[in-house]
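In: the following block contains a protein sequence and its predicted model.
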Amino acid sequence: MSQQVPLHHIHQQLGAKIVPFAGFDMPVRYSSDLDEHNTVRNGVGIFDVSHMGEFVVKGDDALALIQRVSANDASALYDGKVQYSYLPNGRGGIVDDLLVYRISEIEYMLVVNASNIDKDWQWINQYVREDDNLTLVNVSADMCLFAVQGPLAAEALQPLTSADLTMGYYTFEKTDFAGMANVIVSATGYTGAGGFEIYVSNHQAEAVWNAIMEAGKPYGIKPIGLGARDTLRLEMGYNLYGNDITDETSPIEAGLGWVTKFTHDFVDADVLKAQKEQGVPRKLTGFAMIDRGIPRGHYELADADGNTIGEVTSGTQSPTLGKGIGLGYVPTALSKPGSEIFVKVRDKLLKAEVVKLPFVKK
């Protein structure tokens, strides 16, 4: 049985096509994926992503716990700063990727993927020590999250808050919003189109959603589903847990070396340090189709001789570029931009070229 997000009834009223995703019934589209994708790239759209998980860590040892379990260096955070990180799994793979929010010196919020809420909760709790002065609370079921994304997002939302929405990327404020107090307004997102993520408690959610829709009317705001979320994130080369990164993929192979900091001791630090220094046999790589065709997840990747070298982890037709794009793990020697690889589509080898990410430059 899938769970429902608190505003499920609103998505039904809006005519959304609803599908099971990550244990939830989620709106996949309201009109068409293409229309919704272009709305976010060029204007402003709102996603209900209340299926995401949130944990609050509070106390003198909150930072120490985060440092034990995550690869990025959370001691670099300051109040109102967000950090992208991941949880190594103790055997060279990835439990999950996540965002770390520093609310104060002794209070943090961790935002995790919907499909991994229970897994992450159990994993992090393993690393709480008996003498730790902290509380760890799973507030996922009490919070809604709306992603208001697109180049017109700040203009559309500014009348709803006294916070200055020219705030820097990956910063946030706990502020008034749409007449509600203590709303987290965060300059983050999973689309590469700019915009904000708004965290509200369940009882505020409907009023806030309606206020955003009203404020966005002059800017052509539309509700956006998971279909467009996937094409938007893929155009930016953003990883999706369960596709591009998993318990079986090395974060160094996945290109997460930039959020792997050896300034503190964390799970798998020694293994990952050795991989970073010695190099890895394969790399997660972006490629664009030269021949006509759409790469789909699990299609085989091949070299010029037709030998299988890997598989597509994420693939789609890019609405912005008008051609097929994808991500996949390939041997390191073939991961350089300009390298020629092939995608096996119905027994045919279709030519593709390795490109530097993101596919769509801002």
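Out: Cool, got the structure.
In: quick one, phi/psi of Tyr238?
Out: phi -80, psi 140 (degrees, to the nearest 10).
In: please disregard the earlier target; I meant Gly216.
Out: phi -80, psi -10.
In: closest to the centroid, which residue in the chain?
Out: Centroid check for the chain by Cα atoms, centre = their mean gives Tyr190 as the closest residue, at 5.0 Å.
In: from Asn113, how far out is that residue?
Out: From Tyr190 across to Asn113, the span is 11 Å (Cβ to Cβ, to the nearest Å). Any C-beta I mention is one placed from the backbone N, CA and C, and that applies to glycine too.
In: again, but for Val40
Out: 20 Å.
In: more crowded one of these two?
Out: Val40 (30 against 18; other Cβ atoms under 10 Å).
In: that one: what's it in contact with?
Out: With contact taken as Cβ atoms under 8 Å, 6 or more residues apart in numbering, Val40 is in contact with Gln149, Gly150, Thr191, Ala193, Ile224, Ala228, Leu232.
In: could these go into JSON lines alongside secondary structure?
Out: Below are those laid out as JSON lines (DSSP: H, G, I helix; E, B strand; the rest coil):
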{"residue": "Gln149", "secondary structure": "strand"}
{"residue": "Gly150", "secondary structure": "coil"}
{"residue": "Thr191", "secondary structure": "coil"}
{"residue": "Ala193", "secondary structure": "coil"}
{"residue": "Ile224", "secondary structure": "coil"}
{"residue": "Ala228", "secondary structure": "helix"}
{"residue": "Leu232", "secondary structure": "helix"}
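In: just the buried ones from those residues?
Out: Gln149, Gly150, Thr191, Ala193, Ile224, Ala228, Leu232 (16 or more other Cβ atoms under 10 Å).
In: check contacts around the fifth one.
Out: The neighbourhood of Ile224, defined by Cβ under 8 Å, 6+ apart, consists of Tyr30, Glu36, Thr39, Val40, Gly45, Ile46, Phe47, Gln149.
In: what pLDDT does Pro358 get?
Out: For Pro358, the pLDDT comes out at 98.
In: tell me the SS of it?
Out: coil.
In: what about the one helix or strand Val100 maps to, average pLDDT?
Out: Using DSSP states H and E, Val100 sits within strand 94-104. Mean pLDDT, strand 94-104: 98.
In: for it, name the packing helices and strands.
Out: strand 81-88, strand 107-112, helix 117-125 (3 or more Cβ pairs under 8 Å, 6 or more residues apart in numbering; DSSP states H and E).
In: try 6 Å this time
Out: In terms of contacts (3 or more Cβ pairs under 6 Å, 6 or more residues apart in numbering; DSSP states H and E), strand 94-104 is packed against strand 81-88, strand 107-112.
In: so how far is Leu349 from the spatially most distant residue from the centre of the chain?
Out: Distance from the C-alpha centroid of the chain, by Cα atoms, centre = their mean, peaks at Asp305 (35.5 Å). Remark: distance between Asp305 and Leu349 (Cβ to Cβ) = 10 Å.
In: same question, Asp120
Out: For Asp120, the distance to Leu349 - Cβ to Cβ - is 40 Å.
In: would you map out the domains in the chain?
Out: 3-49+141-235, 281-355 (automatic domain parsing).
In: could you dump these to JSON lines with mean pLDDT and distance to Tyr108?
Out: Putting these into JSON lines (pLDDT from 0 to 100; distance: least, Cβ to Cβ, whole Å) gives the following:
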{"stretch": "domain 3-49+141-235", "mean pLDDT": "98", "distance to Tyr108": "12"}
{"stretch": "domain 281-355", "mean pLDDT": "97", "distance to Tyr108": "28"}
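In: thinking again about what came up before, and of the buried ones among the contacts of Val40, the nearest to Val267?
Out: Thr191 (30.1 Å; Cβ to Cβ).
In: for the closest one, what are its contacts?
Out: For Thr191, the contacting residues are Val40, Gln149, Leu232, by Cβ atoms under 6 Å, 6 or more residues apart in numbering.
In: now the phi/psi pair for the first one, please.
Out: Pointing back at Val40 there. Residue torsions, per degrees, to the nearest 10, at Val40 are phi -70, psi -40.
In: before we move on, the earlier item: the residue nearest to the centre of the chain against Arg233, yeah?
Out: Yes. Tyr190 is within contact range of Arg233, at 5.0 Å (criterion: Cβ atoms under 6 Å).
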